[in-house]
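Asker: quick one: sequence plus predicted model below, questions after.
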There are 2 protein chains.
Amino acid sequence: MPPTAPVTMSATLAADESLARRRRAGLPVLPMASGEIGLPVHPVLKARLAAAAAHNAYGPVAGSPDLRAAVAGYWQRRGLVTDPGLVVAGPGSKPLLFALLLAVGGDVVVPVPSWVSYAAQARLAGARPVPVPVLPGQGGVPDPDRLREAVAAARAAGRDPRAVVVTLPDNPTGTIASPGTVRRLAEAARDLDLTVISDEIYCDLVFDAATPAVSPAVFAPERTVVTTGLTKNLAVGGWRIGVARLPDSDTGRALHARLTGIASQIWSSAAAPVQAAAAYAFGETPGIVEHVAASRRLHAAVAREVAARFVAAGAGLAPVRATCYLYPDFEPLREHLGRAHGVHTGAGLADLLLTRYGVGVLPAEAFGEEPRTLRLRAATSRLYGDTEEQRTAALNAADPLALPWIRASLDRVEEVLAGLTGTPAARPQSALHA
Amino acid sequence: MPPTAPVTMSATLAADESLARRRRAGLPVLPMASGEIGLPVHPVLKARLAAAAAHNAYGPVAGSPDLRAAVAGYWQRRGLVTDPGLVVAGPGSKPLLFALLLAVGGDVVVPVPSWVSYAAQARLAGARPVPVPVLPGQGGVPDPDRLREAVAAARAAGRDPRAVVVTLPDNPTGTIASPGTVRRLAEAARDLDLTVISDEIYCDLVFDAATPAVSPAVFAPERTVVTTGLTKNLAVGGWRIGVARLPDSDTGRALHARLTGIASQIWSSAAAPVQAAAAYAFGETPGIVEHVAASRRLHAAVAREVAARFVAAGAGLAPVRATCYLYPDFEPLREHLGRAHGVHTGAGLADLLLTRYGVGVLPAEAFGEEPRTLRLRAATSRLYGDTEEQRTAALNAADPLALPWIRASLDRVEEVLAGLTGTPAARPQSALHA
């Protein structure tokens, strides 16, 4: 029997549409709910897409040979030797993740917190998510010890977990699990015979090059599937292109056959003109590399400043090391929030921020946490400008924090948090441009 | 538990890739397995896609307002008043059909024969297909009387059929169920409380304008979902765009909410630049309308000539009235095929045609028929030329049958069938250009 429980629209996209309605109504908004990257497309990528407009054939289910070769090179430059024959492209990494869950079968371990769609996809695939908390400050990877316990308990209860999803770097926390934790996760997966599905779509958005995310494919190459796309590093989410790297092993080849079979039945192929442009992007010319570096610098600058304001307001927050997300914890302010605002849950806090202040954020509950958890995910990726000109200026600015519209957003964050906490706007310690 | 049975790659795409390998090896091929339309993209559509290359935002899950308004107009011009708020776009009608099966839930009645992916998608969605034969010469719509029996039997056996899929006009048979049959199907669906999912992707490829396909949405508007796309009428399959029209009823609105929820979790949205070009296409300017008309004339001319050759060779065949498909029945030649070629099944016949003659076709088994059924689906949509120049010439030709490469394909069909049947090449009755 297929699933028939109510299906919730992706919380990210739903909050996003709600903010768009407020904006159309002329109300002020601070759009930090969606992680969609508000930056322009690299001009050469636009030209490549335009030049491929005549590409109207489906081409191979797994993607064009050009695209797969470029993707293999991309991963090889990151230390993962990759057979183009084991690369599969699709219309976004989201459909690839869904098809992987179908292809592996069984239930799936998901970190808590984790991206809104993993658990929802598992349920659509007829599976049940097995939630396992992450270690403090190391989002995206289930605590390996608790993973072992949870899988043993699930199997003892007659369930059949076969995969674990990890996010490196992590959404929603903006942190990166340490190589040691990733290694222990990989070992646990091997001992438990789990496939590791490693969502590495933020791998190019690690702020400090000295501490990159290390893939579980390094430690458990025979069982780790890696996925990524161009949505985050090159801001072309609306183009819908994602790629997966299957393990070079018997298991991996069997999974590849199942994955491409499922892809052929659900979506056929990614849009051909987009594949052509994506092949260029994954080829990483110097211009593309610099474009990604500029966006990474921008995310780092703004995310750290926003984080400093949450910390100054009294929220708990692990240092943000990657992505454009922060995940502040308002537990230290629970008593005040309850007394002053009648807020006792993450959803209540997010709702207050949206309806009173026009600030879009997502509650921890959207990431699989308990309703009472007073955490929020805030994304900075929409604060870079409302127009193509502003966004281009932000991307190219030596000091983006000095741009008036970004400064205004930072001031607004400060003001809103002051209103929320009932204290005078606290200058964060790392304050800029005194 | 999610499905873990072997997943077969879409038979169409698999045969297609096999033919591509033969062609690369320098072997002669007559590519009639895939229904991919080998025709060029309209120049204005290319320009529209190129102009939208900067569109990198996801936009609404259901598609841009422009696209949905254009699609509503498209359906209104075909007699179906349509609320743009009940239109949902996706990356192909294939993923929309899959998501609809998930959204409706339960098991699904599929016609026999029918498109390769309906039953495969049902199984991926965790459902079981309930096969019901079509009436002779009226492909795509399950015999309404047998539908009633099959649903009653399935329910008596504890199963839960909730939907029926129809194809109007039909793939694989190239026929169109009569309005009377469609009406009886709609009445049966109402009596049985089934959702009708009507795949009308070939609706612009009906050869005779006097006898269009009539949608079940005319007879059961409260429960009929219609899907279509630009893959067949405008040959942009590789662009991946499809649309669905949900019923304007409480059921329809509930289904719309579920469908967009599922879409948000599986694919987010269709590629934004493609949506922009698609909005133009569904707007149906005179240039677009004439382009579709030219391709329809071409399909009609070639499909009828190929059909005449199968009939002349002794195969049974209902008149082809739409699409670019024919579905000849070699049952009258069973004895000869067994004796001369050791062929006793549709798959055996298709394999013989592929390996001995380089002719790609799909066996009836790929459409849900019994293995012994000696029917094949042949598509003419790849016979229009190997180059952009040839294809453009075919599209614009007053008499495409006089073009040397099309004539050569027709001659090759005749020659292959003569070899197969062991008779001198029989001139078909409707022979051209004596």
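Answerer: Perfect, I can see it now.
Asker: so what's the closest residue to chain B within the stretch 301-434 of chain A up against?
Answerer: Closest residue of the stretch 301-434 of chain A to chain B, Cβ to the nearest Cβ: A:E388 (7.5 Å). For glycine as for every other residue, the C-beta is placed from the backbone atoms N, C-alpha and C. For A:E388, the contacting residues are A:P40, B:A54, by Cβ atoms under 8 Å, 6 or more residues apart in numbering or on different chains.
Asker: how close does it sit to B:D160?
Answerer: Distance of A:E388 to B:D160, computed by Cβ to Cβ, to the nearest Å: 51 Å.
Asker: looking at chain A, which helix or strand is least sure?
Answerer: Least confident helix or strand of chain A, by mean pLDDT, DSSP states H and E, is helix A:11-24 with a mean of 74.
Asker: show me what that one is packed up against.
Answerer: Helix A:11-24 is packed against strand A:30-31, helix A:346-357, strand A:359-360, strand A:362-363, with contacts defined by 3 or more Cβ pairs under 8 Å, 6 or more residues apart in numbering or on different chains; DSSP states H and E.
Asker: repeat that with 10 Å
Answerer: Applying 3 or more Cβ pairs under 10 Å, 6 or more residues apart in numbering or on different chains; DSSP states H and E, one finds that helix A:11-24 contacts strand A:30-31, helix A:116-124, helix A:346-357, strand A:359-360, strand A:362-363, strand A:376-379, helix B:250-266.
Asker: for those, which one ends up most surrounded?
Answerer: Across the helices and strands packed on helix A:11-24, the average number of neighbours (mean count of other Cβ atoms under 10 Å in any protein chain shown) peaks for strand A:376-379, which reaches a mean of 28.
Asker: what are the pairing partners of that one, and which direction each?
Answerer: Here strand A:376-379 has these sheet partners by DSSP bridges: strand A:325-326 (antiparallel), strand A:362-363 (antiparallel).
Asker: helices along the stretch 251-400 of chain A, start to end?
Answerer: A:272-282, A:286-312, A:334-341, A:346-357, A:388-396 (DSSP state H, counting those that start in this stretch).
Asker: in a strand, A:P131, correct?
Answerer: Yes: under DSSP: H, G, I helix; E, B strand; the rest coil, A:P131 sits within a strand.
Asker: what about it, how many residues close to it?
Answerer: The number of residues packed near A:P131 is 17, by other Cβ atoms under 10 Å in any protein chain shown.
Asker: A:T227 too?
Answerer: Residues within reach of A:T227, counting by other Cβ under 10 Å, total 22.
Asker: so it sits against A:Y202, correct?
Answerer: No: in this structure, A:T227 is not within contact of A:Y202 by Cβ atoms under 10 Å, at 11.4 Å.
Asker: what touches both of the two?
Answerer: Common neighbours of A:T227 and A:Y202 are not found (criterion: Cβ atoms under 10 Å, 6 or more residues apart in numbering or on different chains).
Asker: what about the spatially most central residue of chain A, which SS state?
Answerer: Nearest residue to the geometric centre of chain A (Cα atoms, centre = their mean): A:N171, 4.3 Å. Classification of A:N171 using three-state DSSP returns coil.
Asker: likewise for A:V134?
Answerer: strand.
Asker: who's in contact with it?
Answerer: Each residue near A:V134 by Cβ under 10 Å, 6+ apart is listed here: A:111-114, A:140-143, A:146, A:166-167, A:170, A:173, A:175, A:177, A:181.
Asker: count the residues that sit near A:L27.
Answerer: Neighbourhood size, A:L27 [other Cβ under 10 Å]: 11.
Asker: repeat that for A:A397.
Answerer: Neighbours of A:A397 (other Cβ under 10 Å): 17.
Asker: residues from the stretch 201-350 of chain A in reach of chain B?
Answerer: A:230-231, A:234-241, A:254, A:257-275, A:277 (Cβ under 10 Å from any Cβ of the partner chain).
Asker: helices along the stretch 101-250 of chain A, start to end?
Answerer: Using DSSP H, counting those that start in this stretch, the helices of the stretch 101-250 of chain A run over A:116-124, A:144-156, A:179-192, A:216-219, A:250-266.
Asker: apart from its neighbours in sequence, what residue is nearest A:Y357?
Answerer: A:V416 (4.6 Å; Cβ to Cβ, 6 or more residues apart in numbering or on different chains).
Asker: the one you found should be in a helix, yeah?
Answerer: Yes: under three-state DSSP, A:V416 sits within a helix.
Asker: hmm, it is touching A:L30, no?
Answerer: Yes: the criterion here is Cβ under 10 Å, and A:V416 meets it with A:L30 at 7.1 Å.
Asker: can you list the domain ranges for chain A.
Answerer: Using automatic domain parsing, the domain ranges for chain A come out as A:11-40+A:287-421, A:46-283.
Asker: mean pLDDT lowest for which of these?
Answerer: Lowest mean pLDDT of these: domain A:11-40+A:287-421, a mean of 94.
Asker: perfect, I'm done here.
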